[in-house]
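Visitor: only the shape, not the letters, is given here:
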């Protein structure tokens, strides 16, 4: 616990937290203000059409770059070697770093949401869904960034790798899907898209949040059953379990495959 | 005291007796002929297998009746034909069509309520002229108000919900629909094969189902939709093979697709508010449309301070065109990566819509703070400050 506290304090002292806070507050206040000026249906339109899209674009990029850079720096400065002299298993060190960073980011997000709520009127449920959406993205991006940072071992490589993965998972994802899924037989396309949804945590969160905050028919007729199920309690559990398992798997991969697992020097 | 108690008991019992007397079971339809006036005094007429009322001739009047039709009845509750009839304060519970008006002129229906079971239409106007429907409320029927052929109808303040089509127009001309409230239907209003239909000052919102459409125009000519709020639908307004449509000063917000135009030509899209739709406009083979002064929520620059932007707004239906061929890709709506894809693969000009001078628009903020939220902010800042305290490495 003392190591966790130490890591958490270190994480809270990082200057980039201020940049994160400013970014989230500006995003929420500016887009929320635009939505608020709508004559009708402000909540629905604002959240589903702009905030989810913009958060889904910015948040993964910033978190991926930050975490990958942290671990790349650790590798480059040989601090990992120093940490390996601890009697802790290495997976624990990774988990402590991951969880302390994650908790810090949740705290910053919470603060940004509270500040934005001072001038932007949304229902409590909408704020909660948006907050959980941001938390989900943060968790997934942190785990992915950890894996990439440990893979890269150097700062410059970590940044490049994180940016490349962001481009693939966020920017190129629709292009990749369009290319692959259109080659499938018509009857398999919806199933293909559903499987792809669970392969990319960022996309899964986007669909989950859009459906929760809007309605199950937001993505058309063919996904009505899937999204209706996703809006049930069991659907929420499966979506979040899937996200947790994928994040845990990436941390395990970072620990076992790239960092020597439970063994320590 | 005893007499008082008896009086009270009698008073409690009396209305029930009265109510029973008000329910009248009909063995044959009541026929109202020319210039006759039938006042039901709020009585309930129950009819099975036949209409409760048949109105014919000229200038008949039916008012203050409630009609309850047996379940699975396919016949209309009221049949009307002829000239200048009036129906006032009629309430119908029917499994068949509620009110069937055929070959008539100048029939006036006021404050009529129809509740069905979703299998038949609420109010039908067949081959009629100059009907006036005021304050009609229709719920859980197939089509709320169905009009086939005829002309010069006026519909004021209709409320239709939980039906297939709220208003369904098939080939009438010169119809004016004012202040309609159409919600929770599969389609708010279906306007097909019409000429000169005007729909104004309405609320068309929250239609349901995968194809939930606010207003659907099909082969409609010179339709005018103005000052109407269309929100919370899958498609706000769908115009297909329609010409000369005018869309002016409408608020079309919060739909998945604001406008969907397929082979729609000669349109005037003026001063509408299209903020916050997932896709503002999707266009296929639509040309010669005048688009000006709408609010889109895109980048604007008002150099002349006239309230209109000098930067044109161009809609791009890339995803729509994609999902026309592969509907599985509808899951990509709102995907951040799509923003890039749309720019790389720009749609051809004939499939996009350009507003040369969109209206500028600014955000608003208002204070929503509370002691609870301020305290929460203070608490989080304190956690942040205290959490930063240095813990020495071993």
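Guide: Okay, I see it. Please read these numbers as outputs of a predicted model, since none were measured by experiment.
Visitor: in chain B, where's the longest strand?
Guide: Counting residues, the longest strand found in chain B (DSSP state E) is strand B:37-47.
Visitor: quick check: which helices or strands does the next helix or strand after that strand pack against?
Guide: Toward the C-terminal end, the helix or strand that comes next after strand B:37-47 (DSSP states H and E) is strand B:53-55. With contacts defined as 3 or more CB pairs under 8 Å, 6 or more residues apart in numbering or on different chains; DSSP states H and E, the secondary structure elements packing on strand B:53-55 are strand B:30-32, strand B:61-69, strand B:78-83. No exception for glycine: its C-beta is placed from N, CA and C like everyone else's.
Visitor: from the ones you listed, which stretch is densest packed?
Guide: For the helices and strands packed on strand B:53-55, the largest average neighbour count (mean count of other CB atoms under 10 Å in any protein chain shown) is found in strand B:78-83, namely a mean of 23.
Visitor: what's next to that one, contact-wise?
Guide: Residues from elsewhere that reach strand B:78-83, judged by CB atoms under 8 Å, 6 or more residues apart in numbering or on different chains: B:29, B:34, B:51-60, B:62, B:67, B:87, B:90, B:92, B:98-107.
Visitor: filter the residues you listed to the buried ones?
Guide: When burial is judged by neighbour count using 16 or more other CB atoms under 10 Å in any protein chain shown, the buried members of these are B:29, B:51-57, B:60, B:62, B:67, B:87, B:90, B:92, B:98-102, B:104-107.
Visitor: name all residues that make contact with residue A:252.
Guide: residue A:91.
Visitor: so how far is residue A:94 from it?
Guide: For residue A:252, the distance to residue A:94 under the criterion CB to CB, to the nearest Å works out to 9 Å.
Visitor: same question for residue B:323.
Guide: Distance check for residue B:323 against residue A:94: by CB to CB, it reads 42 Å.
Visitor: and what of residue A:142?
Guide: Per CB to CB, residue A:142 is found 11 Å from residue A:94.
Visitor: okay, the two: which has more neighbours?
Guide: residue A:142 (26 against 22; other CB atoms under 10 Å in any protein chain shown).
Visitor: can I take it that residue B:103 is in a strand?
Guide: Yes. Assessed with DSSP: H, G, I helix; E, B strand; the rest coil, residue B:103 lies in a strand.
Visitor: my guess is it contacts residue B:129. True?
Guide: No. Contact status for residue B:103 versus residue B:129: not in contact, 9.3 Å apart, counting by CB atoms under 8 Å.
Visitor: so which residue of the stretch 151-265 of chain A comes closest to chain B?
Guide: Of the residues in the stretch 151-265 of chain A, the one nearest chain B is residue A:221, at a distance of 2.7 Å by CB to the nearest CB.
Visitor: what's the nearest residue to that residue if we skip its chain neighbours?
Guide: residue B:210 (2.7 Å; CB to CB, 6 or more residues apart in numbering or on different chains).
Visitor: equivalent analysis for residue B:285, please.
Guide: If the residues on either side of it in the chain are set aside, residue B:285 comes closest to residue B:263, at 4.8 Å by CB to CB, 6+ apart.
Visitor: need the contact list for that neighbour.
Guide: B:240-241, B:284-286.
Visitor: show me where pLDDT drops low in chain B?
Guide: Counting by pLDDT under 70, chain B contains low-confidence residues at B:1-22, B:298-299, B:350, B:390-394.
Visitor: check the stretch 1-150 of chain A too.
Guide: Counting by pLDDT under 70, the stretch 1-150 of chain A contains low-confidence ranges at A:1, A:35, A:37-49.
Visitor: could you give the number of residues near residue A:181?
Guide: Neighbourhood size, residue A:181 [other CB under 10 Å]: 21.
Visitor: now residue A:155
Guide: Counted with other CB under 10 Å, the burial measure for residue A:155 works out to 19 neighbours.
Visitor: do residue B:373 as well
Guide: 15.
Visitor: do the same with residue A:231
Guide: One way to gauge burial is a neighbour count; for residue A:231, by other CB under 10 Å, it gives 16.
Visitor: repeat that for the one 10 residues further on.
Guide: Counted with other CB under 10 Å, the neighbours of residue A:241 add up to 10.
Visitor: could you do the one 3 residues further on as well?
Guide: Residue A:244 sits with 15 neighbouring residues when counted by other CB under 10 Å.
Visitor: are we agreed that it is in a helix?
Guide: Yes. Residue A:244 sits within a helix when classified using three-state DSSP.
Visitor: any idea how far residue A:214 is from it?
Guide: Going from residue A:244 to residue A:214 by CB to CB gives 24 Å.
Visitor: give the contact list for residue B:120.
Guide: B:74, B:94-98, B:141-142.
Visitor: now the helices: where do they sit in chain A?
Guide: Assigned helices in chain A, in chain order: A:2-13, A:16-36, A:42-45, A:52-76, A:79-83, A:90-117, A:124-152, A:155-166, A:173-181, A:186-199, A:201-213, A:224-230, A:233-259 (criterion: DSSP state H).
Visitor: equivalent analysis for chain B, please.
Guide: For chain B, applying DSSP H gives helices covering B:2-22, B:318-325, B:336-344, B:371-387.
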